[in-house]
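A.B. asks: okay, predicted coordinates and the sequence, questions at the end:
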Amino acid sequence: QVQLVESGGGLVQAGGSLRLSCVASGPTFSRFIMGWFRQAPGKEREFVAATTWSGSSTYYTDSVKGRFTISGDNAKNTVYLQMNSLKPADTAVYSCAARAVVTTGTIYDPVYYGYWGQGTQVTVSS
């Protein structure tokens with residue numbers, strides 16, 4: 001059974017940085033794509049970033065390009081989301097998700113991810 005556990009959220013001032021971690025346990029994760037999504041109050045869950053475990057392919061939503069970096073550490077079964085130049089608009093619950101590489105469907109849609117962590121709160125003050 002796949003388990004994902006996030007950590008690293010918190011309160012930060014605008015312009016600051018945070019690094020989120022997602023520790024994965026279960027099957028061979030080289031067969032999975034790992035993603036980060038976020039959901040702000042009153043809004044739908046939205047795609048933030050995704051990566052293959054090899055790091056050969058990474059994907060970002062436009063609003064975080066140049067500010068956020070997704071990466072993975074195979075030895076630790078951990079995926080990171082480095083968030084720099086944070087803005088109040090980045091405030092949300094951030095969740096780690098996993099989907100099998102062979103899954104069809106766009107990587108940007110949370111419905112195609114079968115495994116989710118519990119989420120971690122990120123709050124950016126102005």
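C.D. replies: That came through fine.
A.B. asks: residue 81 - nearest residue in space that isn't next to it in sequence?
C.D. replies: Ranked by Cβ to Cβ, 6 or more residues apart in numbering and with sequence neighbours excluded, the top spatial neighbour of residue 81 is residue 20, at 4.3 Å. Any C-beta I mention is one placed from the backbone N, CA and C, and that applies to glycine too.
A.B. asks: next one: residue 23 from residue 5, what distance?
C.D. replies: According to Cβ to Cβ, to the nearest Å, residue 23 stands 5 Å off from residue 5.
A.B. asks: pLDDT on stretch 67-81, on average?
C.D. replies: Mean pLDDT, computed over stretch 67-81, is 94.
A.B. asks: now do stretch 18-38
C.D. replies: Mean predicted confidence for stretch 18-38 is 89.
A.B. asks: all strands of this protein, in order?
C.D. replies: Shown for the chain, the strands assigned by DSSP state E span residues 3-7, 10-13, 18-25, 32-39, 46-52, 58-60, 68-73, 78-83, 92-100, 115-116, 120-125.
A.B. asks: the residue lying closest to residue 46 once chain neighbours are set aside bridge partners, please.
C.D. replies: Take residue 46 and drop its neighbours on the chain: the residue closest to it by Cβ to Cβ, 6+ apart is residue 38, 6.0 Å away. On the basis of DSSP bridges, residue 38 is bridged to residue 46, residue 94.
A.B. asks: so residue 38 touches residue 95, yeah?
C.D. replies: Yes. Because the distance of 7.2 Å satisfies Cβ atoms under 8 Å, residue 38 is recorded as touching residue 95.
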